[in-house]
Structure formats: structure tokens, C-alpha cells
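Asker: Pasting a predicted model and its sequence here:
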Amino acid sequence: MQTIVFVGSNKSGTSREALSTSKTMGYYTVLLTNRKELIKQKEEFPEVDRIVYVDNLFDKEIVLSIINNLVEDRKQICAVISFIDPYVSYAARISEELGLFHVSTDALVIMEEKTRFREHLKTLPVSPKFTIFQGEQLSIQQFAEKNQQHLPLILKYPVSNGSKDVLLVETISELKEGLEYLNKKFPSSPVLIEEYLFGTQYLIEVIAKDGQISMVAVIEQEVSNGDRFIITGYCYPAQLDQVTFEELQSAVESIIQALKLENGTCHLEMRLIDGKWKLIEINPRMSGGAMNRIILEGTGINLVKETLKLYLGQDPILEATKKTHVYAKYLTINSRGRLVKVTGKNKASNYDGVKEVYVKPRKGAILTKPYSLGDRYAYVIATADNPEQAKEIALSASKEIKFYLDPL
């Protein structure tokens, strides 16, 4: 039986959709996970034929042993893939060792670590100014004094994802506090320091096959006020004039070519600064959360499915079958507490133009104000004939959703 092996998955979002899509495509679907709660909740994963607990997913001998057992059980391994950090290049390397479709593993490795891709792309015009704090040559005090004229700055843990451990610092005291916080939390890791670029942020989904680069979707992001860069709104398609769009395409192609991504997927976050595109982030996978549904509603393209086809060695079909304006509104909360109940989901779902309402946490979960994208607790996706109307519908519907908490 033709089989796809997934390394890691979240309970929802792109990685979960990949499991159900694999099953829909007719593949025997195997999930390797290091999350014990998924094993306990395996009845909630009817799309998965086999879930295997692996304490350390990076133990390649164990993973290969599991795959070998599948082969002995007459399963034909067609792909080994991961849609979540930090397993993307690791799964691709295993796939390569098994003689399956060859994706550009070296490019994926570069994208998985922020100092690595910054150094690799530093000669490109899209690269912002940056430096790396190692804590070996200068103390935090000396470094802060040397760099205070460059404030505001962004501090990043190099292997963070989902806006975790990404800090905006605007004063010298915040710079010192931020460095101390990251040094304490990750004592053996450098800290990436970047110039802060003011401007609208855009997310670009990319697939490369045999060196052919396709920008599948360009989506405008709305970032919440604060120092944690939580994305609370996504608007598809981004409203860019033709010249600006072509300049973005050229910038993206220069990045992908510099990384030598011949076969693979990634998503980039970029800002337009004084008429020039600058790279904020790049990740070696498609974006998580509701991204697949946003693109599907806007274009008719199931990007999860086309990504799986790429990893299976097939040609992805990326022709849009429709063009609809989509707005996704994510909800966060401003306090900490234990969830008692959530109301308004059905009301929100009944709004004309609303395509999906999703509430993530269960009763009894501990909720908090947002420190990362994982602290977004619901979303509403709406479509309309124009971007303003799609946004208005999503915002109005989202106001129906109420979280009731017992404070802690």
C-alpha cells in the first residue's frame, strides 16, 4: 500500500490538513509524534492509519527502524515529510536517504536557522542590516552602548518560529533587558539583532519545482500593536500595483536562487521600505494556521495537496481556478485564566460570506495574552467581491465570539 510518513504534526492548521489530505489522496497515512497527548487522543485523528510515539524524533535510527517495519508490513514508502519546525529538512534528508524524490535539503537547512540565512543572503539588496551577539567579545552593557544609536532593533532567537522569542526594543534599557532575557533562556545560543523596518508586511507562499519558481499567493498581514509581532489579520490578494508586484517577484526569485532551492516549498515575510523590498523572515515550509483555507478560498488551489504532490515527485498544479477576496481575522485575549466556555461560534458562522469559524482551546485550557502565534485562540475567514467587504464581514462576525475565563 502506498504510504506517506509524516514527522510531527500539530492538532490543527496546515500540518493537520496534510494528514487528512494524504488520506483523501488514497495514501496509507502514518504519523510519527513526540507528543503523548496525540497518542491519547488518537481516536480524534481518523485520517491517520497509524500513529507511532517517538520520544526523540531526531533519533534517526529509531525513525528508520519504524519505516523499515512499515516496509516489512508491505507498505510502499512514497514520501517522508514534515510541515512543522524543526523537522522539515530532517524529514527531507530521510526521504533522500530512502531514494525518494529529492528536495533541496541544503536550502531547507539554511532557512531553518535565522543567523544562517541572514549570513547566506547578506549581499542581496533585500537583506536588512543585522549583527549577531555572541556574548564572547563584548558584555551586554558594552554591546548595548555600542548599538544604541541604531535603535529601535529586533532581537531574535535564531531557531524561533511563530513569533516566539522575537522582541522589539526601542530604548537602551529594553535592549539590555532583551539580551539578558534571551541569554538566560538560551544560554548557548547567539542572538540575532536586526534593524527595525517600518512598513506593511506581506506573506508570500512559494513552490519551486525543477528550478521553476511559483509565487502561489501574496497576502497582506496585519500586525498587532506591541512588541511581539502577532499577526491578527490576513488579506488575500494583497493590493499591489503591477510594477510593485513585479519588483516583489524579482526580489523573491533572487532569494530562492541564492538559496539554490530547486525543489521545495517556503514562505517569506517581506516589507516594502522606501520602494525597496526587504526580507523579514523565511521558513522552509508553507505557513501554518489557516493559510491553506485562505489560499483555497481565494484561488481554488489546495496548497497542502500540491505540496504533497511535489514531495511525491509529481508536478503541482498551481493555476488559480477563481479569484476571490479573503480576509482572516485571528482572535487573542488580554488576560490570563482558565477557559470556562466560548460562545458565539454559531452566530459568527451564520454571517453571510463567512466560510469558516475555528476555536482552538478546549474547556479548562489555560489561556494567556499573546506571546507567540500559538496564543491566537480563534479565527474567522470571510470572502467577498472586494477586500473591504471581506474584512468588514470577518471583523463583525468575530465580535460574536466571547471567551469566558476564571482568572488565575
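Answerer: It's in.
Asker: was I right about Phe130 contacting Ile193?
Answerer: Yes - taking CB atoms under 8 Å as the definition, Phe130 is a contact partner of Ile193 at 6.3 Å. Where C-beta positions appear, they are placed from N, C-alpha and C, glycine not excepted.
Asker: Between those two, point out the one with more neighbours.
Answerer: The neighbour comparison of Phe130 against Ile193 (other CB atoms under 10 Å) goes to Ile193, with 21 against 17.
Asker: Report the buried residues of the one helix or strand the more buried one maps to.
Answerer: Taking DSSP states H and E as the definition, Ile193 sits inside strand 191-195. Under the neighbour-count criterion of 16 or more other CB atoms under 10 Å, strand 191-195 has Val191, Leu192, Ile193, Glu194 buried.
Asker: before we move on, what about stretch 158-169?
Answerer: For stretch 158-169, burial by neighbour count (16+ other CB under 10 Å) applies to Pro158, Val159, Ser160, Asn161, Gly162, Ser163, Asp165, Val166, Leu167, Val169.
Asker: Quick one: these as a markdown table, columns for distance to Leu296, secondary structure and pLDDT too.
Answerer: Below are the buried residues of stretch 158-169 laid out as a markdown table (distance: CB to CB, whole Å; DSSP: H, G, I helix; E, B strand; the rest coil; pLDDT from 0 to 100):
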| residue | distance to Leu296 | secondary structure | pLDDT |
| --- | --- | --- | --- |
| Pro158 | 32 | coil | 91 |
| Val159 | 30 | coil | 88 |
| Ser160 | 28 | coil | 80 |
| Asn161 | 23 | coil | 78 |
| Gly162 | 22 | coil | 72 |
| Ser163 | 24 | coil | 75 |
| Asp165 | 31 | coil | 86 |
| Val166 | 28 | strand | 88 |
| Leu167 | 34 | strand | 89 |
| Val169 | 38 | strand | 91 |
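Asker: Turn those residues into a markdown table, including distance to Thr123.
Answerer: As requested, those are exported to a markdown table (distance: CB to CB, whole Å):
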| residue | distance to Thr123 |
| --- | --- |
| Pro158 | 20 |
| Val159 | 23 |
| Ser160 | 24 |
| Asn161 | 25 |
| Gly162 | 29 |
| Ser163 | 27 |
| Asp165 | 27 |
| Val166 | 24 |
| Leu167 | 27 |
| Val169 | 27 |
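Asker: Just give me the closest of the residues you listed to Lys322.
Answerer: Gly162 (29.5 Å; CB to CB).
Asker: neighbours around the nearest residue to that closest one once chain neighbours are set aside, how many?
Answerer: With CB to CB, 6 or more residues apart in numbering as the measure, Leu373 is the residue that lies nearest to Gly162, at 3.9 Å, once sequence neighbours are left out. Using other CB under 10 Å as the criterion, Leu373 is surrounded by 21 other residues.
Asker: contacting residues around Leu373?
Answerer: Gly162, Ser163, Lys164, Ile230, Ile231, Gly288, Gly289 (CB atoms under 8 Å, 6 or more residues apart in numbering).
Asker: My read is that the second one contacts Arg376, right?
Answerer: When you say that, I think you mean Ser163. No - under the criterion of CB under 8 Å, Ser163 makes no contact with Arg376, lying 10.0 Å away.
Asker: overlap in contacts of these two?
Answerer: Among the neighbours of Ser163, those also in contact with Arg376 (CB under 8 Å, 6+ apart) are Ile230.
Asker: ranges for the strands of the stretch 251-400 of the chain?
Answerer: Under the criterion DSSP state E, counting those that start in this stretch, the stretch 251-400 of the chain contains strands at 264-273, 276-283, 325-331, 337-343, 354-359, 366-367, 378-384.
Asker: Asn69 looks like it's in a helix, true?
Answerer: Yes - membership of Asn69 in a helix is supported by DSSP: H, G, I helix; E, B strand; the rest coil.
Asker: can you start the count at 212 instead of 1 from here on
Answerer: Shifting the count to begin at 212 puts that one at Asn280.
Asker: any idea how far it lies from Lys520?
Answerer: Distance from Asn280 to Lys520, counting by CB to CB, to the nearest Å: 26 Å.
Asker: With neighbour numbers in mind, choose between those two.
Answerer: Neighbours per residue, other CB under 10 Å: of Asn280 and Lys520, the larger number sits with Lys520, 19 against 11.
Asker: show me the contacts for the more buried one.
Answerer: Contact criterion CB under 8 Å, 6+ apart gives Asp526, Pro527, Ile528 as the residues in contact with Lys520.
Asker: Please apply the same query to Met481.
Answerer: Taking CB under 8 Å, 6+ apart as the contact definition, Met481 lies against Val337, Gln412, Tyr413, Ile415, Leu459, Ala462, Val463, Trp488, Lys489, Leu490, Ile491.
Asker: tally of neighbours for the fourth one?
Answerer: Applying other CB under 10 Å, we find 24 residues neighbouring Ile415.
Asker: which regions of the chain sit below the pLDDT cut-off?
Answerer: With pLDDT under 70 as the threshold, the chain has low-confidence stretches at 347, 436-438.
Asker: what does the domain assignment say about it?
Answerer: The domain map for the chain lists 213-311, 340-406, 412-618, with the assignment taken from automatic domain parsing.
Asker: got these as JSON lines, with distance to Glu323 columns?
Answerer: Listed next are the domains of the chain as JSON lines, based on distance: least, CB to CB, whole Å:
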{"stretch": "domain 213-311", "distance to Glu323": "6"}
{"stretch": "domain 340-406", "distance to Glu323": "7"}
{"stretch": "domain 412-618", "distance to Glu323": "6"}
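Asker: Nearest to Val320, out of those?
Answerer: Distances from Val320 to each of the domains of the chain were compared by CB to CB, and the smallest falls on domain 213-311, at 4.6 Å.
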